[in-house]
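**Q** build me a structure from this.
(one chain, ligands or ions: 1)
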Amino acid sequence: MPAAIVTGSARGIGRAIALRFAADGYDVVLNYRTSEQAAEETASSVEERTDRAAVAVRADVSGDGAETLVDRAVDEFGGVDHVVNNAGIEEARPTADLPTADFDRVMDNNVNSAYAVSRAAAPHLRRSTAETPSITNLSSFVALVGYAEEAHYVASKAAILGLTKSLAVEFAPDVRVNAIAPGHIETDMTDQSRVAENEATVPLGRYGHVDEIADAAAYLRDASYVTGETLRVDGGVTLG
Ligand code: NAP
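**A** Numbers count the residues shown, from 1 in each chain. Below you'll find the model as predicted:
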């Protein structure tokens, strides 16, 4: 049976992607760092709503946890066919108040994690018998336009785009690598005090739903002639 790893999938966008992949016929390896209860609930939801299996793996994928996660996926399901590097953190902070250690922490969680999981999974993806094995990385619309008081987060999401294009070339023709750049999506990451202000900047006039990002992830998983691409799913917020 085909299997997919979705990092940071206890809640939010990662949870929606895991549920979508299971509905599409994939066993899923869920991943969390602290949200154990939510991860177990997501695993139960997968098994209640679909006929696929789910396992929730505690692993901080910014470090050695990446290898742990991939090893566990191979132990459970015999291989890895798709990876979604979704884990990430966001913090708003003016650059003047941002110690280098905090900049590095955001880079570790948002970029090193995607790099480490991709590196660990690559040999297994290359051995996959799936029609078109893939990696999909979660960037953000902010990587395309910049965002005040989030230079560290924006730098991390822009790095994801460089990583995506570079790995797309390096891992071709065996593994496709793409990115999604979501706009404002309603999740726990959402700053509720800024919803109205943000909605006013979106041509489609609303926040996106996590299932709209899951749709994009399912498309890129199956898009056999698409690699190195960044798919904006942002209600037009980057159109200016
Ligand atoms: P979320 O609700 O905060 O969930 C993020 C998940 O990532 C958390 O469950 C967290 O796990 C996990 N995580 C963070 N660092 C990790 C690490 N080092 N190892 C393992 N897990 C880790 O966020 P979201 O809104 O769904 O966002 C998902 C992705 O989409 C992120 O990469 C984000 O930057 C991107 N994105 C979101 C938006 C938006 O508007 N929401 C817009 C653009 C891009 P624990 O809870 O266990 O710590």
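**Q** what kind of secondary structure is residue 102 in?
**A** Under DSSP: H, G, I helix; E, B strand; the rest coil, residue 102 falls in the helix class.
**Q** near the ligand, which residues of this protein?
**A** The chain has residues 7-8, 10-14, 31-35, 60-62, 86-90, 109, 113, 138, 140, 182, 184-185, 187-189 near the ligand, with proximity defined as C-beta under 6 Å from any ligand atom. To be clear about C-beta, it is placed using only N, CA and C from the backbone, and glycine gets the same treatment.
**Q** mind checking which of those residues are buried?
**A** 7-8, 10-14, 31-33, 35, 60-62, 86-90, 109, 113, 138, 140, 182, 184-185, 187 (16 or more other C-beta atoms under 10 Å).
**Q** of those residues, which belong to helices?
**A** In this view, these that belong to helices under DSSP state H are 12-14, 113.
**Q** of those residues, just say which sits nearest to the ligand.
**A** Taking C-beta to the nearest ligand atom as the measure, the ligand lies nearest residue 12 of those, at 2.3 Å.
**Q** surely that closest one touches residue 209?
**A** No: Residue 12 is beyond contact range of residue 209, at 11.3 Å (criterion: C-beta atoms under 8 Å).
**Q** which strands and helices sit next to the top helix by length along the chain?
**A** The longest helix of the chain (DSSP H) is helix 151-171. For helix 151-171, the contact count by 3 or more C-beta pairs under 8 Å, 6 or more residues apart in numbering; DSSP states H and E identifies helix 100-107, helix 113-127, strand 134-138, helix 142-145, strand 176-182 as packing neighbours.
**Q** let me know which of these is tucked in deepest.
**A** Comparing the helices and strands packed on helix 151-171 by mean neighbour count (mean count of other C-beta atoms under 10 Å), strand 134-138 ranks first with a mean of 28.
**Q** quick check: mean pLDDT of it?
**A** Strand 134-138 shows an average pLDDT of 99 in the prediction.
**Q** quick one: strands adjacent to that strand?
**A** Within its sheet, strand 134-138 is paired with strand 82-85 (parallel), strand 176-182 (parallel), according to DSSP bridges.
**Q** thanks again, I'm all set now.
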